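Asks: Coordinates for the following, if possible.
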Amino acid sequence: MALLTLLTDFGYRDHYVAALKARLLHLEPALQLLDISHAVEAFNIAHAVYVLSSVYQDFPAGTVHLVGVSDLGRGHGAEPVWHAAHYQGHYFVSADNGLLNLLCDGRPEELISLPPPGGSNLASPTRDVLAPAAVRLAQGEPLSALGPPAPDLHQLLNRQLRLQDNRITGHVIHVDHYGNLITNISRSAVEVVGRGRPPAVHFARETVRELLPHFAAGEPGAAVCTFNSRDCLCIGIGQGHAAELLGLYYDSQVDVRFVAD
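Replies: Next up is the predicted model:
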């Protein structure tokens, strides 16, 4: 039986996580469950995508990932839709809210529509729609047994880097628990555009002219720029909360500049 991971915005104060796990274990008592997080910001698709994309490939192939974030999907009066997908050897079940499109940077390799629950009760689509589908996948059922091929997928766009001869313009894509700012500027982009020239990272009213190997290499209270394990450029404050101290948050602009040849 495949491992089943859980990623939701249910939080830890209420009974919602326990109710979801109770439902899953009722469907399959031998299920292997592992929590990724239940502290995704409420309805924050970008946060969920960042967390999931950072870790799902570390799990064994065939793992099923149940994502209960903004689980009524597109909203704005549209009929809710839920999907199950196969992508890079993993299975995902989620509402049609743009998450799968962002995670896969397009359409997954296989995508099916999950049938809605009987009746009009949509109090918890994660429990009543996504959980049964996730269990069936973990039990080894093929994706095609869960529903018909999905005709379309809700589209959201990832922020794209702007590359120029002497400059890279990116944005903050995540603020972590410590207040560090993770950007969409990759190490490879810095190397390709920089061509061996030293970079200067510009954000808010700050300029950092040295990339350090890790956050602890900086002085307490000083701004630090480094690459994380995913080779994303990150900004932090030594022993401080960078987002609060710098006034930068999700989607804030960050530039890397190089002296002209």
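
Asks: State the mean pLDDT of the helix or strand harbouring H86.
Replies: Per DSSP states H and E: H86 is located in strand 82-87. Mean pLDDT, strand 82-87: 96.

Asks: From start to finish, how long is stretch 228-248 in a straight line?
Replies: Start-to-end span of stretch 228-248 (Cα to Cα, to the nearest Å) is 18 Å.

Asks: Next: stretch 179-189.
Replies: Stretch 179-189 has an end-to-end distance of 24 Å (criterion: Cα to Cα).

Asks: List the buried residues for that stretch?
Replies: Within stretch 179-189, the residues that count as buried by 16 or more other Cβ atoms under 10 Å are G179, N180, L181, I182, T183, N184, I185, S186, A189. For the C-beta atoms, the positions are set from N, CA and C on the backbone; glycine is no exception.

Asks: name the helices or strands packed onto the strand holding H86?
Replies: In terms of contacts (3 or more Cβ pairs under 8 Å, 6 or more residues apart in numbering; DSSP states H and E), strand 82-87 is packed against strand 90-95, helix 99-104, strand 110-114, helix 131-138.

Asks: Of these, which is nearest S252?
Replies: S252 lies closest to helix 99-104 among the helices and strands packed on strand 82-87, at 18.8 Å (Cβ to Cβ).

Asks: what helices or strands is the closest one leaning on?
Replies: Under the contact criterion of 3+ Cβ pairs under 8 Å, 6+ apart, helix 99-104 touches helix 45-55, strand 82-87, strand 90-95.

Asks: Quick one: list the elements packing against the longest one.
Replies: To tie it back to what came earlier, the one meant is helix 45-55. strand 3-8, strand 32-37, strand 64-68, helix 99-104, strand 167-175.

Asks: Which of the buried residues of stretch 179-189 fall in strands?
Replies: Residues of those located in strands (DSSP state E): L181, I182, T183, N184, I185, S186.

Asks: Save those residues as JSON lines, and put in pLDDT and distance to L3 too.
Replies: What follows is these, written out as JSON lines (pLDDT from 0 to 100; distance: Cβ to Cβ, whole Å):
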{"residue": "L181", "pLDDT": "96", "distance to L3": "32"}
{"residue": "I182", "pLDDT": "96", "distance to L3": "26"}
{"residue": "T183", "pLDDT": "96", "distance to L3": "31"}
{"residue": "N184", "pLDDT": "94", "distance to L3": "29"}
{"residue": "I185", "pLDDT": "97", "distance to L3": "33"}
{"residue": "S186", "pLDDT": "95", "distance to L3": "29"}
